[in-house]
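Novice: fold the stuff below for me.
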Amino acid sequence: MENAEIRAIVERQRAYFRTGATLPLKARLRTLAALQNAMERYRERVQEALRADLGKCETEAFMTETGLAMSELSFVRKRLPRWTKDRAVPTPLTNFPAHSFLRPMPYGVTLILSPWNYPYLLSIDPLIDALAAGNTAILKPSAYSPAVSGVLQEMLREGLPPELCAVVTGGRAENQSLLEQNFDYIFFTGSQAVGKDVLRHAAEHLTPVTLELGGKSPCFVDETAKLGLAARRIVFGKFLNCGQTCVAPDYILCDRTVKEELVRRIIQEIRRQIGDTPFENPEYGKIINEKHFARLTRLIDPAKTVYGGATNPDSLQIAPTLMDNVTPDDAVMKEEIFGPILPVLTVENAEEAAAFINSRPRPLALYAFTQDRKTARFLTTRCAFGGGCVNDTVIHLASSYMGFGGVGESGIGAYHGKTGFDAFSHYKSVTDKSTRIDLDMRYRPYTATGKKLIRRFLR
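Specialist: Model (predicted):
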């Protein structure tokens, strides 16, 4: 798409927003209802596109994309009337008599840049929040997931008017053209490298942003953990979407005394959940493209591989791979894996694990498998991370009751549910002052009595 076309879309949405058409609650609810109808009509098309781009089976696609997106929409629609109301706050005595309140208002024209790993969910979820907050939105899905991008474009073109919601497809040229425009808010999900570029462009216009990035999310397992259950849940979270999940356990920090048993149980769980011939399993997906396939293949050290390691360049598949006796100097520990490779490192205790985690860039997620509540509290308090679970993996992001986001290198801001509505809203602080009474003490010339009253009120 040409730069002039993109600029015209932005200008058209800005003109529409300035009419005030998106502000009434009824208009927002109609928009969300229209979006829900479109999502229901296109559910099968989306499923087919997810299979084409990532090899996702129907159950996984529903559980992690279409079903979650519909759940978020239902959650928001039900609560939106309450969220959009003015929220009264106390008025200090110095402003008596007056009424003070916070009024949530949309930013205006928003840009949503979504990734390829969950191309439907991570496009629709922030779009729901943006529209619920009364904004217009331009969605730019990833060029790496062309099938889903095409369906999103058709679905939203049919379901919503372009002055309210538009989809721009394409690659880097379109990304750069979009980032050169003056948006009122930018929401980005993707890599840290691209996130920095987004932030640089946003700074040119002083545009507020939410950045959902990634990082190497640790998984700690101590000697009190229920190892069978821990292995089952680790395998689920790690190999979901072939490991191409921003909150997947990136590596394991295991207590030395139970490491051998945990490795054995993880291998058992891989065999149980995926099988010894994963390339023949129709429920096991593929790597998104040749570039990422080649990168992941280079991270596998055959000398440290205790299970898996097989690759199929024709189908872009990599078998679930477990690496043992890994050190921080190994290639697999130098970058976010984002694939079906799970390295295991050993530690002596939770204190050593926390020191290791805190010495590295702050991760998007942390997982702690332990039956000791003090250990769980220690790790979730002392370690910096976006969000996480105790005795499970990845499920925290499926809750609309909690915000989801990173910290430091893993992101800026959060969304989901009310947190998502807040992310796309500016809260105006308004004091509605009475005209019946007017106190003289704040006006010149200042009197001795007025000074005493001011000092008393401002204690």
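Novice: and residue 341, what does it touch?
Specialist: Taking Cβ atoms under 8 Å, 6 or more residues apart in numbering, we find residue 341 in contact with 243, 296, 299-300, 318, 321, 323, 332. Heads up, the C-betas are built off the backbone N, CA and C, glycines and all.
Novice: same thing but 10 Å
Specialist: 238-239, 243, 250-251, 296-297, 299-301, 305, 308-309, 318-323, 332 (Cβ atoms under 10 Å, 6 or more residues apart in numbering).
Novice: show me where the stretch 101-250 of the chain has strands.
Specialist: 109-113, 136-140, 165-167, 185-189, 209-212, 218-221 (DSSP state E, counting those that start in this stretch).
Novice: any chance of CSV for those, columns distance to residue 75?
Specialist: Below are these laid out as CSV (distance: least, Cβ to Cβ, whole Å):
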stretch, distance to residue 75
strand 109-113, 19
strand 136-140, 19
strand 165-167, 20
strand 185-189, 18
strand 209-212, 19
strand 218-221, 28
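Novice: got those strands as JSON lines, with mean pLDDT, distance to residue 263 and mean neighbour count columns?
Specialist: Below are the strands of the stretch 101-250 of the chain laid out as JSON lines (pLDDT from 0 to 100; distance: least, Cβ to Cβ, whole Å; neighbours: other Cβ atoms under 10 Å):
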{"stretch": "strand 109-113", "mean pLDDT": "98", "distance to residue 263": "39", "mean neighbour count": "26"}
{"stretch": "strand 136-140", "mean pLDDT": "98", "distance to residue 263": "42", "mean neighbour count": "25"}
{"stretch": "strand 165-167", "mean pLDDT": "98", "distance to residue 263": "45", "mean neighbour count": "23"}
{"stretch": "strand 185-189", "mean pLDDT": "98", "distance to residue 263": "33", "mean neighbour count": "26"}
{"stretch": "strand 209-212", "mean pLDDT": "98", "distance to residue 263": "32", "mean neighbour count": "23"}
{"stretch": "strand 218-221", "mean pLDDT": "98", "distance to residue 263": "10", "mean neighbour count": "26"}
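Novice: of the contacts of residue 341, select the buried ones using a PyMOL command.
Specialist: Those of the contacts of residue 341 that meet the burial criterion (16 or more other Cβ atoms under 10 Å) are gathered into one PyMOL selection, given here:
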select buried, resi 238+239+243+250+251+296+299+300+301+305+308+309+318+319+320+321+322+323+332
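Novice: which ones among the contacts of residue 341 map onto strands?
Specialist: Within those, residues falling in strands by DSSP state E are 251, 305, 318, 321-323.
Novice: tell me, please, the helix or strand in this protein that averages the lowest pLDDT.
Specialist: helix 448-457 (a mean of 88; mean pLDDT, DSSP states H and E).
Novice: for that helix, buried residues please.
Specialist: 450, 453.
Novice: list the contacts for residue 294?
Specialist: Contacts of residue 294 by Cβ under 10 Å, 6+ apart are 287, 311, 313, 316.
Novice: ok, the one helix or strand residue 344 maps to: who's next to it in the sheet?
Specialist: Per DSSP states H and E, residue 344 falls inside strand 341-347. Here strand 341-347 has these sheet partners by DSSP bridges: strand 251-255 (parallel), strand 321-323 (parallel).
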